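J.: No letters, just coordinates:
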C-alpha cells in the first residue's frame, strides 16, 4: 500500500510548490496577525485569570504545531475569548484565582483537552461537529460574549467582582460600585471609545483622504496596538499606578520554559468534563471558520485531521506554559484578508510573538488592565448576534427554543451548564420531532406524475384511495404515532378501499416499526382495506424481503406513487379535485 505523507502532514502538499511570492504574502499576513495577536493574547490571559505572559506563551508553539498538522491554510490558532472564559470557569472550581495552583490547573487543562482532541481525531470522530447544532453554538457564543463584556466592567471601573454568570457578576459588582476608581474609569472608558471609533470609522476616514483600502484596513486592525501604546505611555508618564490604576505589572522576558503539566488523578478527573466541553466548542468554532474560509479558495478541510492538529496545538501550549487554544474567527479572517497563502503565515506569526516575548515585555509593565478590558469588550462585540432570536423565531420555532434556552441558561447558570442545556434541549426537540413525524395526505397534481399535500395544492384524489406520505424514517419512537394517524384517517371514510404509504423519505424501518406496520395491515384488512407501499428505497426493501412482511401484505409494493394510483384507480371510482 502506498503511503500518503500529506494525510498526516498537510504541508507536504503545498511545500513542493511554495515560492517567493507566496512567502511574501505569508509574511505580510503574519505581520498583521502578530500586531493583532499581541494585545489579544494579553487580554485573553487576563480574561482567563492568568498572568499576561501566558497569553503570549499560548501564541507561539501552538501556531507552529497547527501549521504542521492542520489542513486549513488560513486558520489562525491561539487564545480566543470564549475558550478563555470557559477555562476561567473550569479552573476557578479547583483553585483560587491568582495562585500558582490556578495557573498549573490551566496548563493541565490544555494538556487534557489536547489529548482528548488527538484521541478523537485518531478515532475519526470528526463528525462530532455535526452533533452541536448551529442554533446551540450561536446562542452559546452570543451569551458568552455578553458575559465576557459584563465581566470586564470591573476592570474598566477599577472594582472587584467575580462570577461566571450574569446574576453572580452583577451581584458581586454592585456591592463594590462605591469604591470605583475615577482614574481607572477614565482610562477604561477612553480606551473603549477610541477602540470603537477605530473599528467603525478609521478605515473609512483613511480611505476618504486617499489611503488605499487595503492599507486603511491594516491600520484599523492595528488600532488596539496604538491604544495600548498610548495608554501605557500615559500610565507611565502620569504615574497612574500610584493613583490606584491597576497595571499589568512585571511580565517576564524570554521564551517559555518547557515543562510537563502537573499530573494528579484527582485534578484531571475534576477538569475532564470541562476539558471535553472546551474541546468540542473549540473544535466546532475552528472547523466552522476553516470551512468557511477554505470554501472561498476551494480548499478542503479534513475534520479528523483538524482534531489531531488542534490537539497537538493544545499539547504544545501545555508544554510551553500556555492554556487552551483554538482557531479564532477574527484573527483567521484578518489572516485570510491579508493574503495568507499557507500555514507558513502561522509559523511566521509565532516567530513574531516570540520576538515580542523576548524584547517587548518590559514596556508592558505600565499597561493598564482597563485598556486590556476595553480591548476584550470591543473584540467580543462581534460575537454577540442580537438578531439571532428574531431570525430563529421567523424560521423555526424549534431552533428558537434551542437558542433561547441556550442563551438563558448560559447567562443565568454559566457557560458549562449553558452549553449542556442547549445540547439537551436540541436532542429533546429532535426526538420530539422524530416521534411526531410530518405525515400528509397527498394527491396527484393535474397533468403530472407528482404528488403533493392536499392541504397546500389543488390535486386529484379518489374516494376509495388515500395516499399517505411519511416524511421520516420509522422506528420504535414514532411507530405508534403513525398507527394512530392512519386509524384517524380511516375513520369515517366509508368508501375507502386502499391506503398507499408513500415512503420517499423513509430511510429505515426498525423491527418495532415493522411490527406496527403488520398490526396496521391486519386491522385494515379486517375493515376491507388493503395496505400498499410505494417508492420504497432499496436498503429498506432489502430489509423487508428478509422477513415475511411482503408476502403477507394485503396490498402491493409499487415502484412509484403514480404507478400505484394508476393501478388501483380503476377499482376506485371517479376522481375528486
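T.: Thanks, I have it. As the structure is a prediction and not an experimental result, all values here were calculated from the model. Residues are numbered from 1 along each chain as shown.
J.: ranges for the strands of the stretch 401-550 of the chain?
T.: In the stretch 401-550 of the chain, the segments counted as strands under DSSP state E, counting those that start in this stretch are 439-444, 451-453, 465-470, 498-502, 530-534.
J.: Low-confidence regions, the stretch 1-150 of the chain specifically.
T.: Scanning the stretch 1-150 of the chain for pLDDT under 70 picks out 1-7, 129-131.
J.: mind running it again at 90?
T.: When residues are selected by pLDDT under 90, those of the stretch 1-150 of the chain lie in 1-23, 25, 28-40, 73-74, 96-100, 124-141.
J.: If you count neighbours, what's buried in stretch 251-264?
T.: Along stretch 251-264, these residues count as buried under the neighbour rule (16 or more other Cβ atoms under 10 Å): 251, 256, 261. For every residue, glycine as well, the C-beta is placed using N, CA and C.
J.: cool, and stretch 350-363?
T.: Buried residues in stretch 350-363, counted by 16+ other Cβ under 10 Å: 350, 352, 353, 354, 356, 357, 361.
J.: Longest helix of the chain, counting residues only.
T.: Of all segments of type helix in the chain, defined using DSSP state H, the longest is helix 265-296.
J.: Pull the distance from the helix or strand that that helix is followed by to the chain's centre.
T.: The first helix or strand that comes after helix 265-296 along the chain, using DSSP states H and E, is helix 303-319. For helix 303-319, the gap between its own C-alpha mean and the chain's C-alpha mean amounts to 17 Å (Cα atoms, centre = their mean, to the nearest Å).
J.: For helix 303-319, which helices and strands make contact with it?
T.: Under the contact criterion of 3 or more Cβ pairs under 8 Å, 6 or more residues apart in numbering; DSSP states H and E, helix 303-319 touches helix 5-8, helix 61-69, helix 100-122, helix 265-296, strand 326-327.
J.: mind redoing it with 10 Å?
T.: Applying 3 or more Cβ pairs under 10 Å, 6 or more residues apart in numbering; DSSP states H and E, one finds that helix 303-319 contacts helix 5-8, helix 61-69, strand 77-78, helix 100-122, helix 265-296, strand 326-327.
J.: Make CSV from these and add distance to residue 382 to it.
T.: As requested, the helices and strands packed on helix 303-319 are exported to CSV (distance: least, Cβ to Cβ, whole Å):
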stretch, distance to residue 382
helix 5-8, 34
helix 61-69, 21
strand 77-78, 16
helix 100-122, 24
helix 265-296, 12
strand 326-327, 15
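J.: can I see the domain layout of this protein?
T.: Annotated domains of the chain cover 20-427, 439-571 [automatic domain parsing].
J.: one step back: now go through the buried residues of stretch 350-363 and say which are in strands.
T.: Counting by DSSP state E, no part of those is found in strands.
J.: Between those, which sits nearest residue 548?
T.: Lowest distance from residue 548 to the buried residues of stretch 350-363 (Cβ to Cβ) belongs to residue 350, with 66.1 Å.
J.: you'd agree the closest one is up against residue 34?
T.: Yes. A contact is recorded between residue 350 and residue 34 when judged using Cβ atoms under 10 Å, the distance being 8.7 Å.
J.: Now do the shared contacts for these two.
T.: A shared contact of residue 350 and residue 34, defined by Cβ atoms under 10 Å, 6 or more residues apart in numbering, is any residue touching both; here these are residue 59.
J.: Where does pLDDT dip in the stretch 151-300 of the chain?
T.: Residue ranges of the stretch 151-300 of the chain with pLDDT under 90: 157-165, 168-181, 198-226, 228, 244, 248-260, 262-264, 284-300.
J.: Go again with 80.
T.: In the predicted model, the stretch 151-300 of the chain carries pLDDT under 80 at residues 161, 175-179, 213-223, 298.
J.: Same question for the stretch 351-500 of the chain.
T.: In the prediction, the stretch 351-500 of the chain carries residues with pLDDT under 80 at positions 492.
J.: ranges for the helices of it?
T.: Residue ranges of the helices in the stretch 351-500 of the chain, as given by DSSP state H, counting those that start in this stretch, are 369-380, 388-395, 397-413, 415-435, 479-490.
J.: The shortest one packs against which elements?
T.: The helices and strands touching helix 388-395, judged by 3+ Cβ pairs under 10 Å, 6+ apart, are helix 134-151, helix 397-413.
J.: mind listing the helices in the stretch 101-250 of the chain by residue range?
T.: Using DSSP H, counting those that start in this stretch, the helices of the stretch 101-250 of the chain run over residues 134-151, 153-157, 166-174, 182-197, 203-208, 213-221, 223-238.
J.: Nearest to residue 280, out of these?
T.: Within those, the stretch nearest residue 280 is helix 134-151; the backing value is 9.6 Å (Cβ to Cβ).
J.: re earlier: which among the buried residues of stretch 350-363 gets closest to residue 86?
T.: When those are compared for distance to residue 86 (Cβ to Cβ), residue 353 wins out at 22.5 Å.
J.: what kind of secondary structure is the closest residue to that closest one other than its chain neighbours in?
T.: Residue nearest to residue 353 in three dimensions, not counting chain neighbours: residue 59, with 4.6 Å by Cβ to Cβ, 6 or more residues apart in numbering. In three-state terms, and counting by DSSP: H, G, I helix; E, B strand; the rest coil, residue 59 is coil.
J.: Now do the same contact list for residue 59.
T.: Residue 59 touches 33-34, 37-38, 40-42, 44-45, 76-79, 317, 320, 322, 325, 331, 349-350, 352-354, 356-357, counting by Cβ under 10 Å, 6+ apart.
J.: Look up how far residue 151 lies from it.
T.: Here residue 59 is placed at a distance of 22 Å from residue 151 (Cβ to Cβ, to the nearest Å).
J.: hang on, the earlier thing: any chance of the strands of the stretch 401-550 of the chain in CSV, with mean neighbour count too?
T.: Putting the strands of the stretch 401-550 of the chain into CSV (neighbours: other Cβ atoms under 10 Å) gives the following:
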stretch, mean neighbour count
strand 439-444, 20
strand 451-453, 19
strand 465-470, 21
strand 498-502, 24
strand 530-534, 22
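J.: Output those in JSON lines; the columns should cover distance to residue 145.
T.: Formatted as JSON lines, the strands of the stretch 401-550 of the chain follow (distance: least, Cβ to Cβ, whole Å):
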{"stretch": "strand 439-444", "distance to residue 145": "41"}
{"stretch": "strand 451-453", "distance to residue 145": "41"}
{"stretch": "strand 465-470", "distance to residue 145": "42"}
{"stretch": "strand 498-502", "distance to residue 145": "46"}
{"stretch": "strand 530-534", "distance to residue 145": "50"}
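J.: distance of the residue nearest to residue 537 when sequence neighbours are not counted from residue 279?
T.: Nearest in space to residue 537, with sequence neighbours left out and distances taken as Cβ to Cβ, 6+ apart, is residue 507 at 6.5 Å. Computed as Cβ to Cβ, the residue 507 to residue 279 distance reads 31 Å.
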